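Enquirer: A predicted structure for the sequence below; I have some questions about it.
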Amino acid sequence: MKRERIYLFDTTLRDGQQTPGVDFSVEDKIAIASMLDDFGIDYVEGGYPGANPTDTAFFAKRRTRNARFVAFGMTKRTGVSAANDPGLAALLQSASDTVCLVAKSWDYHVAVALGCTNEENLDNITASVDAVVASGREAMVDCEHFFDGYKANPDYALACAKSAHEAGARWIVLCDTNGGTQPEEIRAIVASVIAAGIPGDRLGIHAHNDTGQAVANSLAAVEAGVRQIQGTLNGIGERCGNANLVTLIPTLALKDVYSSRFETAIDLDRLQELTKLSHAFDELLNRSPDHQMPYVGVSAFATKAGIHASALLKDPRTYEHVTPESVGNLRKVMVSDQGGKANFINALKRRGIVVGKDDPRLDKLISIVKEREATGYAYEGADASFAILARRTLGHVPDFFHVESFRVMVERRFDANGQLKTVSEAVVRVTIDGEETLSVAEGHGPVNALDLALRKDLGKYQHEIVDLELADYKVRILNGGTEAITRVLIESTDATGARWWTVGVSDNIIDASFQALMDSIVFKLLKNRDGAVAAAAE
């Protein structure tokens with residue numbers, strides 16, 4: 001039996017940005033779009049071009065290679081033609097493949113929020129979709145508050161959806177905007193929409209998590225016939241969040257009730273990258289991953305001692321609904337470390353490193369990683385640091401240079417004009433091929449000064465790092481007090497457009513930063529010499 005296709009639509013960069021405390025920069029958005037694109041998501045919604053400088057800059061060019069790049073915006077305003085509406089114009093001028101228009105489908109909102117008549121709202125939907133289709137882009141319409149609107153006035157909610165469909169929208173997305181609809185209601189209302197003449201393969205679901213049922217509501221909609229699911233990474237979003245794609249994707253792929261009937265773009269090989277994707281995203285947000293998140297949490301396959309652990313030792317299936325390896329996670333209780341080794345072997349293979357499961361160097365690497373993670377390192381979000389550690393442990397890293405010492409000074413003083421200023425200066429001693437160099441630099445803060453001094457004179461390697469740039473710098477305090485352990489995550493890039501992340505951990509923020517800076521430079525030098533390393537960079 002041929003399986004039906006489910007399309008995955010990610011709105012992390014738009015709806016996910018409504019999360020309190022989340023504010024993506026353009027660089028953040030570029031990095032996240034690349035992560036989603038590489039993972040295999042069908043649609044990546046990037047934001048609202050024209051609404052703010054960040055989104056406008058982000059849509060200056062296409063940010064995905066394979067996924068459809070989606071711009072979000074409102075239907076045209078009442079009283080203005082589609083050709084003269086500035087909001088619609090910004091969408092059509094953006095470097096997007098698809099335009100997602102949000103349209104009111106609850107008559108209460110039409111009157112209160114838009115202040116127009118029901119018929120005017122329908123005309124706005126039709127004219128806006130017409131304009132998008134005429135521009136050569138794929139059009140989709142988010143029917144906002146659709147389920148509440150249907151319960152209040154089913155005829156009008158259906159009229160909104162039909163207007164979008166008849167105008168040529170590829171997808172009509174039914175939104176549970178307030179997040180209060182129950183799974184049985186979702187199933188019944190979707191069925192009624194299909195019965196009214198809109199095919200299920202033109203329908204999507206956009207569920208919010210205000211009753212903790214966004215994933216269940218999305219699956220109920222799929223059962224009823226929709227073939228596009230919208231959601232976010234790790235379920236972030238306004239109020240209680242959106243449907244969590246990190247939970248939905250493996251459920252669709254690994255549960256026979258779905259996998260026997262449906263397929264997505266995420267095959268079983270890609271699915272093994274799920275835990276890495278989830279944790280790397282949390283690192284980018286500078287927050288700790290949810291240990292109990294389904295499939296990818298560090299506790300998802302953890303079992304304490306007792307009868308459960310005893311049973312796991314005999315057969316892991318006794319207390320695991322899927323294997324941890326299938327989603328790139330690790331089992332915490334095992335009869336041996338073979339499960340852990342399999343994950344490490346696969347991770348190394350993706351980086352061009354082939355090692356046998358009986359190689360004692362592999363045991364050493366696993367031991368080092370576990371020890372370091374216990375002290376605060378997090379390699380899911382610092383792939384370059386892991387690659388360096390692995391290659392160094394397995395004997396694949398040349399001794400490019402050696403830092404003999406460094407010193408950082410911060411001085412607060414009055415300048416010649418009597419203005420109070422803070423000056424940071426760093427001194428770094430580096431040995432290359434037996435020759436020592438001394439570099440001094442001032443910077444905007446101690447880390448910047450240290451970075452400039454370290455990269456000021458690397459001798460014969462200097463020409464190789466001239467295009468190296470630090471794109472982002474994040475600090476997380478792992479415990480309280482002035483003696484807290486600090487984790488520093490640095491994102492680097494170069495002229496090729498590749499991006500990589502490195503990590504450092506210490507009770508001294510400067511030392512943690514230096515570790516990450518060192519790894520960034522070493523990875524750049526490795527990348528210049530090894531195609532497998534270059535391929536591992538984003």
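Expert: Happy to help now that I have it. Not measured: the values here are computed from a predicted model. Numbering: from 1, shown residues only.
Enquirer: shouldn't Val173 be in contact with Gly231?
Expert: No - at 11.7 Å, Val173 does not count as touching Gly231 under the criterion of C-beta atoms under 8 Å. Yep, even glycine has a C-beta here, placed from its N, CA and C like the rest.
Enquirer: Tell me the residues that contact both of the two, please.
Expert: Residues touching both Val173 and Gly231 by C-beta atoms under 8 Å, 6 or more residues apart in numbering: Phe9.
Enquirer: of those two, who's got more company?
Expert: Between Val173 and Gly231, Gly231 has the larger neighbour count (other C-beta atoms under 10 Å), namely 32 against 27.
Enquirer: Show me the beta-bridge partners of that one.
Expert: Note on Gly231: beta-bridge partners by DSSP bridges are Asp10.
Enquirer: can you check Val141 too?
Expert: Assessed by DSSP bridges, Val141 has beta-bridge partners Leu101, Ile172.
Enquirer: show me the residues around it that make contact.
Expert: Val141 makes contacts with 75, 100-103, 125, 129, 161, 164, 169, 171-173, as judged by C-beta under 8 Å, 6+ apart.
Enquirer: can you pull the pLDDT of the residue lying farthest from the centre of the chain?
Expert: Residue farthest from the centre of the chain, counting by C-alpha atoms, centre = their mean, is Ala416 at 47.4 Å. At Ala416, the pLDDT value in this model is 85.
Enquirer: and what of Lys304?
Expert: Reading off the model, Lys304 has pLDDT 53.
Enquirer: what's the spacing between Ala188 and Tyr150?
Expert: To Tyr150, Ala188 is 10 Å away according to C-beta to C-beta, to the nearest Å.
Enquirer: more crowded one of those two?
Expert: Shown here are Ala188 and Tyr150; by other C-beta under 10 Å, Tyr150 has more neighbours (26 against 13).
Enquirer: Roughly how far does the residue farthest from the centre of the chain sit from Leu348?
Expert: 56 Å.
Enquirer: Longest helix in this protein, by number of residues?
Expert: The single longest helix within the chain, with elements called by DSSP state H, is helix 509-529.
Enquirer: which ones are touching Thr264?
Expert: Applying C-beta under 8 Å, 6+ apart, the residues contacting Thr264 are 5-8, 40, 42, 249, 252-253.
Enquirer: ok, now His165?
Expert: Neighbouring residues of His165 by C-beta under 8 Å, 6+ apart: 172, 197-198, 202.
Enquirer: One more pass at 7 Å, please.
Expert: Neighbour list for His165: 172, 198, 202 [criterion: C-beta atoms under 7 Å, 6 or more residues apart in numbering].
Enquirer: Please apply the same query to Met409.
Expert: By C-beta under 7 Å, 6+ apart, the residues touching Met409 are Glu425.
Enquirer: what lines up beside the helix or strand hosting Ser405 in the sheet?
Expert: For Ser405, the host element (DSSP states H and E) is strand 402-414. Paired neighbours of strand 402-414 in the sheet (DSSP bridges): strand 420-432 (antiparallel).
Enquirer: From the chain's centroid, how far away is the helix or strand just after the strand it pairs with?
Expert: Per DSSP H and E, the first helix or strand lying C-terminal to strand 420-432 is strand 435-443. In terms of C-alpha atoms, centre = their mean, to the nearest Å, the centre of strand 435-443 is found 37 Å from the chain centre.
Enquirer: CA atoms only for strand 435-443, dumped as PDB, please.
Expert: Provided in PDB are the C-alpha atoms of strand 435-443 (Å, rounded to 0.1, in the frame of the first residue of the first chain):
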ATOM      1  CA  GLU A 435      59.500  29.800  17.600                       C
ATOM      2  CA  GLU A 436      57.700  31.900  20.200                       C
ATOM      3  CA  THR A 437      55.600  35.000  19.300                       C
ATOM      4  CA  LEU A 438      54.100  37.600  21.600                       C
ATOM      5  CA  SER A 439      50.900  39.300  20.600                       C
ATOM      6  CA  VAL A 440      49.100  42.200  22.300                       C
ATOM      7  CA  ALA A 441      45.700  43.500  21.400                       C
ATOM      8  CA  GLU A 442      43.000  45.800  22.900                       C
ATOM      9  CA  GLY A 443      39.400  44.900  22.400                       C
END
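Enquirer: Enumerate the positions of that strand that are buried.
Expert: For strand 435-443, burial by neighbour count (16 or more other C-beta atoms under 10 Å) applies to 439, 441, 443.
Enquirer: Make JSON lines out of those residues and add distance to Arg137 and pLDDT.
Expert: Below are the buried residues of strand 435-443 laid out as JSON lines (distance: C-beta to C-beta, whole Å; pLDDT from 0 to 100):
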{"residue": "Ser439", "distance to Arg137": "51", "pLDDT": "94"}
{"residue": "Ala441", "distance to Arg137": "48", "pLDDT": "94"}
{"residue": "Gly443", "distance to Arg137": "45", "pLDDT": "91"}
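Enquirer: For Asp383, state which of those is nearest.
Expert: Gly443 (26.5 Å; C-beta to C-beta).
Enquirer: Which residue, other than its chain neighbours, is closest to Leu279?
Expert: Slight slip there: residue 279 is His, not Leu. Once flanking residues are discounted, His279 sits nearest to Glu380: 3.4 Å by C-beta to C-beta, 6 or more residues apart in numbering.
Enquirer: Contact partners for the one you found?
Expert: Taking C-beta under 7 Å, 6+ apart, one finds 275-276, 279-280, 283 in contact with Glu380.
Enquirer: hmm, try it at 8 Å
Expert: Glu380 is in contact with 275-276, 278-280, 283, 289, counting by C-beta under 8 Å, 6+ apart.
Enquirer: give me the element it is part of.
Expert: Assigned by DSSP H and E, Glu380 falls within no helix or strand.
Enquirer: what stretches of this protein score poorly on pLDDT?
Expert: In the predicted model, the chain carries pLDDT under 70 at residues 303-318, 332-340, 342-343, 480-483, 531-538.
Enquirer: Show me the helices in the stretch 51-200 of the chain, by range?
Expert: For the stretch 51-200 of the chain, the helices defined by DSSP state H, counting those that start in this stretch cover 53-58, 86-93, 107-109, 118-134, 146-152, 154-167, 183-195.
Enquirer: which outside residues touch the longest one?
Expert: For helix 118-134, contacts defined as C-beta under 8 Å, 6+ apart pick out 75-78, 81-83, 88, 91-92, 99, 101, 103-104, 107, 110, 114, 116, 138-139, 141, 156, 159-160, 163-164, 166-169.
Enquirer: switch to 6 Å and redo it
Expert: 75-76, 78, 82, 99, 101, 103-104, 107, 110, 139, 156, 163-164, 167-169 (C-beta atoms under 6 Å, 6 or more residues apart in numbering).
Enquirer: Please pick the buried ones from those.
Expert: Here, 16+ other C-beta under 10 Å leaves 75-76, 82, 99, 101, 103-104, 107, 110, 139, 156, 163-164, 167, 169 buried among the contacts of helix 118-134.
Enquirer: Just want to check the distance between the residue farthest from the centre of the chain and Arg407.
Expert: For Ala416, the distance to Arg407 - C-beta to C-beta - is 26 Å.
Enquirer: Would you check that Val173 makes contact with Asp142?
Expert: Yes - using C-beta atoms under 6 Å, Val173 and Asp142 qualify as a contacting pair, with a distance of 4.7 Å.
Enquirer: Identify the contacts common to the two.
Expert: Here Val173 and Asp142 share no contacting residue, scored by C-beta under 6 Å, 6+ apart.
Enquirer: tally of neighbours for Glu184?
Expert: Glu184 - counted by other C-beta under 10 Å - has 10 other residues nearby.
Enquirer: which secondary structure element contains the closest residue to it other than its chain neighbours?
Expert: Nearest residue to Glu184, sequence neighbours excluded (C-beta to C-beta, 6+ apart): Ala220, at 7.4 Å. Using DSSP H and E, Ala220 falls within helix 214-224.
Enquirer: Which other helices and strands does that helix contact?
Expert: Other helices and strands packing on helix 214-224, by 3 or more C-beta pairs under 6 Å, 6 or more residues apart in numbering; DSSP states H and E, are helix 183-195, strand 203-207, helix 245-254.
Enquirer: now what about the first one, what contacts it?
Expert: The contact list for helix 183-195, computed with C-beta under 6 Å, 6+ apart, reads 147, 150, 200, 216-217, 220-221, 224-226.
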